[in-house]
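K.L.:
just to be clear, the model below is a prediction. Sequence and coordinates:
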Amino acid sequence: MGAPAKAQAQDLAFLDFNDVTICSAQHGGEAPPDFDGPNCQRVGAGDIDPQGTLIWVRTSVDLDATRGPNGEPLSLYLSGKMSSKVYLNGEFVGTNGTPAAEAASEVPGKMDTEFFPPQSLFRLGRNEVVFLASSHHGFIDLYRPLHVVGIAPAGLYSGPALNRFDLALVTLGLFLLGGLYFGVMALIGTSPVRSGTLSVICLFAGAQLVSETLRSQVAYAYPVHDLRLMAIAFFSAAFGLSVAFHIFRAFIGAAAIRWVTGLAGLSLLASLLVKGFDFKALTSMTIPLLGALIATGIWTYQGRRRAFVYFIALLVFLLAIALFQGLFLDTVFFLLVAFFLLALFVEQAVLLAEEERERRSEEARANRLEQALAEAEERAETSHINVKSAGKIERIATSQIVHCRGAGGYSEIILVGGRTVLHSASLNEMEEVLPATFLRVHRSHLINVMFVESLKRDASGTGTLFLQGEIDVPVSRRVMPKVREALG
């Protein structure tokens with residue numbers, strides 16, 4: 001019977017969580033039982049679990065209307081890890097796969113199914129839903145294998161799913177673009193570890209997005225759901241760990257591997273202890289990000305450059321996890337990652353610009369060093385500089401200066417014999433007034449090539465110049481090739 005126009009279903013009407021009876025069907029017949037036998041029991045909706053068995057389930061759904069808000073027909077929705085045979089108000093309405101007592105006889109059903117019973121079967125008030133269910137082909141035992149039993153307007157979830165998919169396509173495109181961009185930067189040798197890590201972060205976020213949206217776009221059989229959940233948990237953990245590695249490496253270099261390995265162990269242990277794959281995914285992502293948050297908080301307190309920016313970003317991310325939880329992995333995560341990815345693009349552009357300026361500066365210094373070393377055999381004309389220190393001025397011959405070392409806005413001048421004089425000029429200012437035999441081989445060191453004794457090259461590409469007076473001075477990686485060539 002139809003309902004008055006004003007009595008219209010507005011959304012999904014769920015099963016009555018307190019009106020559930022389960023009967024074992026391992027040795028039962030094809031028809032529903034009377035649900036009063038000794039092998040039947042009343043349980044809560046969370047106890048409906050057909051994994052590894054065959055059961056009959058009886059529950060009910062209360063309706064305020066027998067039509068949708070715009071007069072749409074109603075459908076019966078079942079979502080869960082199972083094959084099923086379904087009855088509504090005593091009438092058979094359809095099957096999803098083939099439930100059976102053994103795996104060999106079962107045909108796996110789809111994870112999400114919409115049944116279309118005759119509209120005359122829907123009643124105002126209580127509607128009895130009975131189904132036979134089994135689940136023998138999964139890879140893991142789920143904490144809550146049944147997700148939805150309910151009645152709603154036909155096609156209720158197709159519209160919202162498509163809207164979310166449009167958003168997912170935009171963010172997925174951004175993740176893939178980021179992965180490609182940073183991947184190319186790594187391949188061409190532009191900060192390969194940092195760029196490679198950022199590429200991996202983007203690709204893990206994209207893979208997780210595909211895993212998350214798969215259910216709303218593909219009607220897959222329930223065994224695929226286990227694989228999808230494992231993929232979501234893996235990509236969540238991989239995302240959190242790769243972000244933590246990026247942050248730790250920016251501040252502590254190669255030691256980041258040890259810290260991230262420890263965080264990975266904690267994430268694995270916690271995910272094994274937590275029930276439910278949504279919570280496993282959130283936990284395995286949260287632990288490495290929380291570790292990075294604590295570290296950046298400490299580095300912020302120590303005054304480390306850029307640590308506060310990372311601290312705020314991580315804090316926002318973790319607060320979003322705490323506030324949104326169930327919605328986080330579906331929508332909020334991808335919006336936040338997309339926002340942070342745009343910030344990473346900007347950060348990378350700034351860092352590349354800084355590196356380019358440093359590269360040009362070091363190339364100019366390398367050229368000067370090559371020229372000066374080539375002229376080192378010729379005796380330089382002695383010149384003098386006035387050194388201002390401690391309220392007095394001392395005139396010093398440049399031929400007596402072995403090495404100048406930066407000390408904030410000052411310079412330490414090391415003379416022949418080992419005496420050190422503090423000069424009120426910066427190293428940049430010293431570089432401008434000293435003759436061509438003085439070369440900037442490092443950001444903090446200016447040397448007199450007349451006192452060079454030997455050069456040692458390190459495996460990392462940097463090196464050390466040894467000067468008279470048992471003085472050793474570091475040489476930056478970009479200047480090293482020119483130094484070696486000039487020294488022959």
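P.N.:
Good, I have the coordinates.

K.L.:
what is the helix ranked longest in the chain packed up against?
P.N.:
For the chain, the longest helix by residue count, based on DSSP state H, is helix 333-374. If you count contacts as 3 or more C-beta pairs under 8 Å, 6 or more residues apart in numbering; DSSP states H and E, helix 333-374 packs onto helix 158-187, helix 192-217, helix 307-324, strand 438-442, helix 480-487. From N, CA and C alone the C-beta is placed, and that goes for glycine too.

K.L.:
can you do 10 Å?
P.N.:
helix 158-187, helix 192-217, helix 222-252, helix 277-301, helix 307-324, strand 438-442, strand 445-448, helix 480-487 (3 or more C-beta pairs under 10 Å, 6 or more residues apart in numbering; DSSP states H and E).

K.L.:
which ones are touching A31?
P.N.:
Each residue near A31 by C-beta atoms under 10 Å, 6 or more residues apart in numbering is listed here: W56, Y87, F92, L132.

K.L.:
would the third one count as being in a strand?
P.N.:
Think F92. Yes. Checked against DSSP: H, G, I helix; E, B strand; the rest coil, F92 lies within a strand.

K.L.:
doesn't V86 make contact with it?
P.N.:
Yes. Between F92 and V86 a contact is recorded at 7.5 Å, counting by C-beta atoms under 10 Å.

K.L.:
which neighbours do those two have in common?
P.N.:
By C-beta under 10 Å, 6+ apart, the residues touching both F92 and V86 are P117, V130.

K.L.:
who's more crowded, these two?
P.N.:
V86 (22 against 13; other C-beta atoms under 10 Å).

K.L.:
top of the contacts of A31 by neighbour count?
P.N.:
Most neighbours among these, by other C-beta under 10 Å: L132, with 26 neighbours.

K.L.:
what strand or helix carries it?
P.N.:
strand 125-134 (DSSP states H and E).

K.L.:
what pLDDT, on average, does the helix or strand following that strand get?
P.N.:
Per DSSP H and E, the first helix or strand lying C-terminal to strand 125-134 is strand 146-153. Taken as a whole, strand 146-153 carries a mean pLDDT of 91.

K.L.:
state the number of residues packed around R306.
P.N.:
Using other C-beta under 10 Å, R306 has 15 neighbouring residues.

K.L.:
among the contacts of A31, which two are most distant?
P.N.:
W56 and F92 (13.5 Å; C-beta to C-beta).

K.L.:
domain map for this structure?
P.N.:
13-156, 159-354, 377-487 (automatic domain parsing).

K.L.:
run a quick neighbour tally on S460.
P.N.:
Neighbours of S460 under the rule other C-beta under 10 Å: 8.

K.L.:
so it, which of the three states?
P.N.:
Of the three states, S460 takes coil under three-state DSSP.

K.L.:
I figured it was touching R477, is that so?
P.N.:
Yes. The pair S460 / R477 is scored as a contact, 7.1 Å apart, by C-beta under 10 Å.

K.L.:
the most centrally placed residue in the chain: what's its closest spatial neighbour, skipping adjacent residues?
P.N.:
With distances taken as C-alpha atoms, centre = their mean, F239 lies nearest the centre of the chain, 2.8 Å away. Closest residue to F239 apart from its sequence neighbours, by C-beta to C-beta, 6 or more residues apart in numbering: F204 at 4.4 Å.

K.L.:
give me every residue that touches the one you found.
P.N.:
Residues near F204 by C-beta under 10 Å, 6+ apart: 175, 179, 234-243, 337.

K.L.:
try 7 Å this time
P.N.:
Neighbouring residues of F204 by C-beta atoms under 7 Å, 6 or more residues apart in numbering: F235, A238, F239, S242.

K.L.:
surely the last one touches I201?
P.N.:
Just to be clear, that refers to S242. Yes. Between S242 and I201 a contact is recorded at 4.8 Å, counting by C-beta atoms under 7 Å.

K.L.:
got the helices and strands packed on helix 333-374 as JSON lines, with distance to F17 columns?
P.N.:
Below are those laid out as JSON lines (distance: least, C-beta to C-beta, whole Å):
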{"stretch": "helix 158-187", "distance to F17": "24"}
{"stretch": "helix 192-217", "distance to F17": "23"}
{"stretch": "helix 222-252", "distance to F17": "22"}
{"stretch": "helix 277-301", "distance to F17": "19"}
{"stretch": "helix 307-324", "distance to F17": "24"}
{"stretch": "strand 438-442", "distance to F17": "71"}
{"stretch": "strand 445-448", "distance to F17": "74"}
{"stretch": "helix 480-487", "distance to F17": "71"}
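
K.L.:
need these in a markdown table (columns: mean pLDDT and distance to L142).
P.N.:
As requested, those are exported to a markdown table (pLDDT from 0 to 100; distance: least, C-beta to C-beta, whole Å):
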| stretch | mean pLDDT | distance to L142 |
| --- | --- | --- |
| helix 158-187 | 72 | 22 |
| helix 192-217 | 86 | 14 |
| helix 222-252 | 92 | 8 |
| helix 277-301 | 90 | 7 |
| helix 307-324 | 84 | 22 |
| strand 438-442 | 85 | 59 |
| strand 445-448 | 89 | 63 |
| helix 480-487 | 69 | 58 |
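
K.L.:
nearest to E358, out of those?
P.N.:
Per C-beta to C-beta, nearest to E358 of these: strand 438-442, 11.9 Å.

K.L.:
ok and the closest one relative to helix 333-374, angle-wise?
P.N.:
Relative orientation of strand 438-442 and helix 333-374, computed by axes from the mean of the first three to the mean of the last three C-alpha atoms, to 10 degrees: 150 degrees.

K.L.:
would you put the C-alpha positions of strand 438-442 in PDB?
P.N.:
Taking C-alpha atoms only, strand 438-442 is exported to PDB below (Å, rounded to 0.1, in the frame of the first residue of the first chain):
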ATOM      1  CA  PHE A 438      93.000  34.800  -0.900                       C
ATOM      2  CA  LEU A 439      90.100  32.400  -1.800                       C
ATOM      3  CA  ARG A 440      86.800  31.600  -0.300                       C
ATOM      4  CA  VAL A 441      86.700  27.800  -0.200                       C
ATOM      5  CA  HIS A 442      83.800  27.500   2.100                       C
END
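
K.L.:
where does the stretch 301-450 of the chain have low pLDDT?
P.N.:
Scanning the stretch 301-450 of the chain for pLDDT under 70 picks out 324-334, 341, 344, 348, 366, 369-382, 390.
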